[in-house]
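[1] Structure for the following, please:
(2 chains)
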Protein chains: 2
Amino acid sequence: MNEQLLLSNIRNVLIRLEETIIFALIERAQFRHNEIIYRKGAFPNVGSRSLVGYLLHETEAIHAKMRRYTSPDEHPFFSDLPEPILPALRYDEDPLHPNRINLNDRIRMVYEQQIVPFVCTAGDDAQYGSSSVCDVACLQALSRRIHYGKFVAESKFRAEPERFRSLIVRRDTEAVMAAITDARVEQCVLERVRLKAQTYGRDISTGPEFRYRLHPERVVELYASWIIPLTKEVEVAYLMDRVPGD
Amino acid sequence: MNEQLLLSNIRNVLIRLEETIIFALIERAQFRHNEIIYRKGAFPNVGSRSLVGYLLHETEAIHAKMRRYTSPDEHPFFSDLPEPILPALRYDEDPLHPNRINLNDRIRMVYEQQIVPFVCTAGDDAQYGSSSVCDVACLQALSRRIHYGKFVAESKFRAEPERFRSLIVRRDTEAVMAAITDARVEQCVLERVRLKAQTYGRDISTGPEFRYRLHPERVVELYASWIIPLTKEVEVAYLMDRVPGD
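    Residues are numbered from 1 along each chain as shown, chains lettered A, B, ... in the order given. Sure, this is the predicted structure:
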């Protein structure tokens, strides 16, 4: 089996991405909400985009040149990106079934409208550039994590092809969702995320009576309400799209 | 006194930057050294620059448009950057004496030639784009931390203007270095960095017998050998440049 589909390897990637996501959120949480940076046209010099949209697009354009989006585990937020300038990397045979699933529009909406106000203090501290830079890091990490559901789904399919094939043929989305759901594993993820957020979110400078820079329960809530459900949505969409028997 | 010069505020910024630096180094340490990304001309498509140099330049060009380098605590690595497209931010009166001190060439050389091989496993894993993205984050965090020495120096000068004035007039660089050095404070920084690196560098996934993703003593060594000395160099250069009595 392709190495990227070994459940142990998938698990390692998802675990590492937890750190990346938690670190990025802690960085963002040091600034206020700064709602204006999400408003389209609020900064006429960047055109009709929002400031974050502009920075995200410019950043993706550079990263596209660095061939970031030729990797099967990377998904751009924009489609009008330049070609890579690095020679193509010889990936192992793409372990995924061909698909065009990309939930980034949803991810961005959820991030800007729900996650940022949930994680940041309300108000405006004028740190628009710095906040936008953090937002790009958060969005890229969340997108990577959520779309990794494709690898999870392919791996689950290959473990029980007959079972999934029959559910997919029947177009039984709910049964597919039930089949990929493991409440015990989800509980484990939430526990681990809580432990990490407690460890990394601690403001050590204040001494033994530390306070959190970002409260661990917020991170857990974010995983429970958005990150895990969106990942499962990717898994189901990927499986429903997968030509059975292929 | 200007708020940015209150020692308590300076201390808070430096403490927060410790997290940013440690997080960024941990991210970089997941990839191999990938020495080729630091070699000029190794990737003909990016021209005569190295891959990291190219990405750093492109990133600074975007951030310059977001007015990053109008802030007195930000210093670009390149000088050929576009003008800001955001309206100028009203900073409080610049607390620093006018100066053009910029150690970024040195910082980049130390980072690429000494820090990366010290932090990363030797070898090449072909993750050139991802490694370069991490390098840019590390370089930006290190530059910010080290140049914050200007604020430290200005604050120390204002606390004992007569003492510093006489040393500066005598061009006694060594005495200025001695005057800004506080071995006890440096020891505190190293202890705090050790504690943070132990906390954040822990690979929790492996259970109670955890291993470090980046060994804490490496981070401490990095602070002791490069970050603290370079910050002090900025402090001394800033003070020697400062017109006494001004």
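[2] For chain A, what lies in contact range of chain B?
    A:12, A:15-16, A:19-20, A:23, A:26-27, A:30, A:43, A:45-46, A:51, A:55, A:58-59, A:62-63, A:65-68, A:85-87, A:89, A:126, A:128-130, A:132-133, A:192, A:195-196, A:199-200, A:202, A:204-205 (Cβ under 8 Å from any Cβ of the partner chain). Yep, even glycine has a C-beta here, placed from its N, CA and C like the rest.
[3] residue ranges with poor pLDDT in chain A?
    By pLDDT under 70, the low-scoring segments of chain A are A:1, A:90-92, A:203-210, A:243-246.
[4] go with 80
    For chain A, the stretches with pLDDT under 80 are A:1-5, A:7, A:86-93, A:200-211, A:213, A:243-246.
[5] Show the contacting residues for the residue positioned nearest the centre of it.
    Centroid-nearest residue in chain A, with Cα atoms, centre = their mean: residue A:142, separated by 2.0 Å. If you count contacts by Cβ atoms under 8 Å, 6 or more residues apart in numbering or on different chains, residue A:142 has them with A:21, A:107, A:111, A:227.
[6] quick one: it from residue A:107, how far?
    6 Å (Cβ to Cβ, to the nearest Å).
[7] One more: residue A:57?
    Taking Cβ to Cβ, one finds residue A:57 at 15 Å from residue A:107.
[8] Looking at those two, which one has more neighbours?
    Comparing residue A:57 with residue A:107 by other Cβ atoms under 10 Å in any protein chain shown, the one with more neighbours is residue A:107, at 23 against 19.
[9] Show the backbone phi and psi for the more buried one.
    When read as degrees, to the nearest 10, the backbone of residue A:107 gives phi -60, psi -40.
[10] Kindly report the same for the one 5 residues further on.
    Listed backbone geometry of residue A:112 is phi -70, psi -40, with angles given as degrees, to the nearest 10.
[11] Would you confirm that it contacts residue A:52?
    Yes - look at residue A:112 against residue A:52 with Cβ atoms under 8 Å: they come within range, at 7.1 Å.
[12] Narrow the residues of chain A next to chain B to those in helices?
    In this view, the residues of chain A next to chain B that belong to helices under DSSP state H are A:12, A:15-16, A:19-20, A:23, A:26-27, A:51, A:55, A:58-59, A:62-63, A:65, A:128-130, A:132-133, A:192, A:195-196, A:199-200.
[13] re the thing from before, only alpha carbons, please: show whatever helix or strand the residue nearest to the centre of chain A lives in as CSV.
    Using DSSP states H and E, residue A:142 maps to helix A:128-147. Extracted in CSV, the C-alpha atoms of helix A:128-147 (Å, rounded to 0.1, in the frame of the first residue of the first chain):
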residue,chain,number,x,y,z
TYR,A,128,-4.1,45.1,10.3
GLY,A,129,-1.0,43.8,8.6
SER,A,130,0.2,41.6,11.5
SER,A,131,-3.3,40.2,12.0
SER,A,132,-3.7,39.4,8.3
VAL,A,133,-0.3,37.6,8.2
CYS,A,134,-1.5,35.4,11.1
ASP,A,135,-4.8,34.8,9.3
VAL,A,136,-3.0,33.5,6.3
ALA,A,137,-1.0,31.1,8.4
CYS,A,138,-4.2,29.9,10.2
LEU,A,139,-6.2,29.4,7.0
GLN,A,140,-3.4,27.5,5.3
ALA,A,141,-3.0,25.1,8.3
LEU,A,142,-6.8,24.6,8.7
SER,A,143,-7.2,23.9,4.9
ARG,A,144,-4.4,21.3,5.0
ARG,A,145,-5.8,19.6,8.1
ILE,A,146,-9.4,19.5,6.8
HIS,A,147,-8.5,18.3,3.3
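[14] Enumerate the positions of the helix or strand following it that are buried.
    Downstream of helix A:128-147, the next assigned helix or strand under DSSP H and E is helix A:149-159. Applying a neighbour-count criterion of 16 or more other Cβ atoms under 10 Å in any protein chain shown, the buried positions in helix A:149-159 are A:149-157.
[15] Output helix A:149-159 as CSV - backbone C-alpha positions only.
    Output of helix A:149-159 as CSV, limited to C-alpha atoms (Å, rounded to 0.1, in the frame of the first residue of the first chain):
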residue,chain,number,x,y,z
GLY,A,149,-9.7,13.9,5.2
LYS,A,150,-9.2,12.6,1.7
PHE,A,151,-6.3,10.4,2.8
VAL,A,152,-8.3,9.3,5.8
ALA,A,153,-11.2,8.4,3.6
GLU,A,154,-9.2,6.5,1.0
SER,A,155,-7.5,4.6,3.7
LYS,A,156,-10.9,3.6,5.3
PHE,A,157,-12.3,2.7,1.8
ARG,A,158,-9.4,0.3,1.2
ALA,A,159,-9.8,-1.3,4.5
